[in-house]
Each structure stands twice: as structure tokens, then as C-alpha cells.
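Student: just a sequence and a predicted model for now, questions to come.
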Amino acid sequence: MSETPEPPRPDGAEPPPQRAAAALRFDPSTDPAPRVVAAGFGTMAEAILRRAREAGVPEVTSPLAPVLARVPPGQTIPAALFEVVAQIMALALELDRQMAAGRAGRAQGPDLAARWGLAAGAGSPAGAGSSGGAGAAAGSRSGPVRGGGGSWDAPPGGPAPRGHPDPDDGRSQA
């Protein structure tokens, strides 16, 4: 899905950037890399983000969202994005684990995200009490990415995430 850009404004100001979102799924037992399951801009991005919140997927904001939103659903992410997506998914997994353990609050999400060089979306992650999942959703005006799950190496000082036993727990379609 693509949306036509807004016409130029008379005052010369640029229109606000469109929201971008991508939902990712990664099952290390079957997928060679994370796979895009939904992607889009504007109203489609809003729908993806809403579905992710409803599914309890942790939210992480990243400028990578517009890039991921252009990957056709069903395709794996480009190899050039493996490392950065691994970091995002590891952060989301860490946030999800903390929420499940009742340790993450509104203040901790941004602190964790800053440690990883990202910005936490919407002040705090969604997914309190969830058991984690192998899915991720991404979206925001600057291009946020949300995620949870995956079996990737974490950045220095970060957690070492592990895959989940049930990759089809319903959250991967966020």
C-alpha cells in the first residue's frame, strides 16, 4: 500500500512525516531472518500499531520503521538490516521480560531504550504480564519500531535474547 504525498503548503512548511509501521516475525527454527508480516504508512501504520498494542507487543521507536515499512509482507528483512533489527528485537524482548516480571515502569522503558541507542515509544512498552513472543511491530512519525522475540546476539552490555518455544502465539501478526 502506498499513499500519495501531501501537496506543498502555501507557507512553504513541510507537512509532518507520515507514520510508518512494520510487523516482524522471527522463528529461529524456521526463518533464516526476521520476516515482515505487515507493513505500511499512514492509516495502515496506525492499524498495525493499534493491533500491536492490543496484542501486548512492546514498543520501541526507531528511524528504521520507514525502511521496514517498504519491505513487502512475507519477505525477510534485507541482510544489511540484520544487526540493527537484532538490537531492536533484543531490546523489545528485554522490555517484554521486564513487563512480565512486573519490573518495568514508565520511567524504565526510556532508560533501557537510551542504553540501546533507541527511543522508547509512547513512554512505556505495552505487554505487561505477557510471556514474550517472536513478533515485532514498528511505527511512528520518525519511524518507530516495536518488537519482541528473536534469537540474536545483543549489543555489548545488553541481554542475550533467546527464541520462544511458541512462535505462533498470536502476537506475531501484530
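Tutor: It's in.
Student: okay, residue 61 and residue 49: tell me how far apart.
Tutor: In this view, residue 61 and residue 49 are 11 Å apart by C-beta to C-beta, to the nearest Å. Just so you know, the C-beta spots here come from the backbone N, C-alpha and C atoms, and that holds for glycine as well.
Student: what lines up beside whichever helix or strand residue 21 is part of in the sheet?
Tutor: In this structure, residue 21 sits in strand 20-25 according to DSSP states H and E. Note on strand 20-25: by DSSP bridges, its sheet partners are strand 35-41 (antiparallel), strand 135-140 (antiparallel).
Student: which of the ones you listed has the lowest average pLDDT?
Tutor: Among those, strand 135-140 has the lowest mean pLDDT, at a mean of 49.
Student: list the buried residues of the helix or strand hosting residue 92.
Tutor: Element membership of residue 92, judged by DSSP H and E, is helix 82-100. Residues 84-100 are the ones in helix 82-100 that count as buried (16 or more other C-beta atoms under 10 Å).
Student: ok and the strand holding residue 21 relative to helix 82-100, angle-wise?
Tutor: Strand 20-25 and helix 82-100 are oriented at 80 degrees to each other (axes from the mean of the first three to the mean of the last three C-alpha atoms, to 10 degrees).
Student: list the buried residues in strand 20-25.
Tutor: Buried-residue list, strand 20-25, by 16+ other C-beta under 10 Å: 20, 21, 22, 23, 24, 25.
Student: swap in stretch 51-58?
Tutor: Across stretch 51-58, burial judged by 16+ other C-beta under 10 Å covers 51, 52, 53, 55, 56, 57, 58.
Student: then stretch 30-49?
Tutor: For stretch 30-49, using 16+ other C-beta under 10 Å, the buried residues are 31, 33-41, 44-45, 48-49.
Student: all the helices of the chain, residue numbers only.
Tutor: Here the chain has its helices, by DSSP state H, at 43-55, 65-68, 82-100, 108-115.
Student: quick check: which of those is nearest to residue 13?
Tutor: The closest of the helices of the chain to residue 13 is helix 65-68. By C-beta to C-beta, the value is 20.2 Å.
Student: so what does the closest one touch, helix or strand wise?
Tutor: Using 3 or more C-beta pairs under 8 Å, 6 or more residues apart in numbering; DSSP states H and E, the elements in contact with helix 65-68 are strand 20-25, strand 35-41, strand 135-140.
Student: close enough to count as contact, residue 42 and residue 16?
Tutor: No: applying C-beta atoms under 8 Å as the test, residue 42 and residue 16 come out as separate, 11.3 Å apart.
Student: so where's this structure uncertain?
Tutor: Low-confidence segments of the chain (pLDDT under 70): 1-9, 15, 58-60, 103-174.
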